[in-house]
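Peer 1: let's see this in three dimensions:
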Amino acid sequence: MSNARFGKAAYPGLREYVVYDPDHEKIDGRVGDAFRSFVQNELSGSAAELMKPTEEDVSAVRAGYTLLLDVLPELGGDCVRHIATVALADSGAAFLSTTLADLSGVVIIDRRVLADPALIAESILHESLHSKLDALSKAHTLTFSAPGDNTTTPILAVWHPSGARSSWWSPWRALAACHFYAHLTVLGDGLRRTHGHADYGRRLKDRALFRAHYLGRELLRVRPAVLTETGAEMVD
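Peer 2: Just a heads-up that it's a prediction; the model follows:
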């Protein structure tokens, strides 16, 4: 098992809901009601409910986390440094994993993810990239338009249903997604070389590579209007 660890558990109010502490052990203790209410408020609208992980849940997440670090020891290790807390939820099929915008480093994964170590690895990498990019965007301006502005040079996500409002992404969202998919391509390539996860890896690589290439091409096409120098360097 890899010796790499999650960062320090930064939010003790989630103690009974946390999957890992820095030593990969389940944390016992009382949950602060106010803190739990805050997290539930962050998840409002999704019908998601935090869940107390069982020992089996902890073992499942450990297996996925270890798989990620075994396949991508350097890249994965760099990304998961941005995770402080991993918690478990029943999202009511609203999401597979998510991060909390107002609680940096908090990752929530849906219990459905636990059935597949490769999906756990993908989810942890995906959400850690959100936290990493959030930290980067606080230090550097990446696009000339605001993150939620999809009216200024919007980019079409062609894999979304035609005509759906969610099909048009802001340049910032497209840049973030390009960043995620490029990393997931590398993860998929690594997984396809493993015993037991090759099919998952091939599917992930094919999907992520297409999307990363498409978004990168579209961003470069409109680069002068939407990307700062730092943003353009990310795509290049």
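
Peer 1: quick one: pLDDT of residue 198?
Peer 2: pLDDT recorded at residue 198 is 97.

Peer 1: how many neighbours does it have?
Peer 2: The local packing of residue 198 (other CB atoms under 10 Å) involves 13 other residues. In this view, the C-beta of every residue, glycine as well, is placed from N, C-alpha and C.

Peer 1: cool, and the one 5 residues further on?
Peer 2: By the measure other CB under 10 Å, the count of residues near residue 203 is 14.

Peer 1: and it, what does it touch?
Peer 2: residue 188 (CB atoms under 8 Å, 6 or more residues apart in numbering).

Peer 1: quick one: it is in a strand?
Peer 2: No. Counting by DSSP: H, G, I helix; E, B strand; the rest coil, residue 203 falls outside a strand, being helix.

Peer 1: could we number from 587 for the rest of this?
Peer 2: All right, first residue 587 from here; so that's residue 789.

Peer 1: mind pulling the model confidence for it?
Peer 2: pLDDT, residue 789: 97.

Peer 1: phi, psi of residue 683?
Peer 2: phi -160, psi 160 (degrees, to the nearest 10).

Peer 1: relative to residue 799, how far out is the nearest residue to it once chain neighbours are set aside?
Peer 2: Sequence neighbours aside, residue 709 is the residue nearest to residue 683 in space, at 3.9 Å (criterion: CB to CB, 6 or more residues apart in numbering). Counting by CB to CB, to the nearest Å, the separation of residue 709 from residue 799 is 22 Å.

Peer 1: and the strands in the chain?
Peer 2: Assigned by DSSP state E, the strands in the chain fall at 635-637, 671-676, 683-685, 692-696, 741-742, 754-755.
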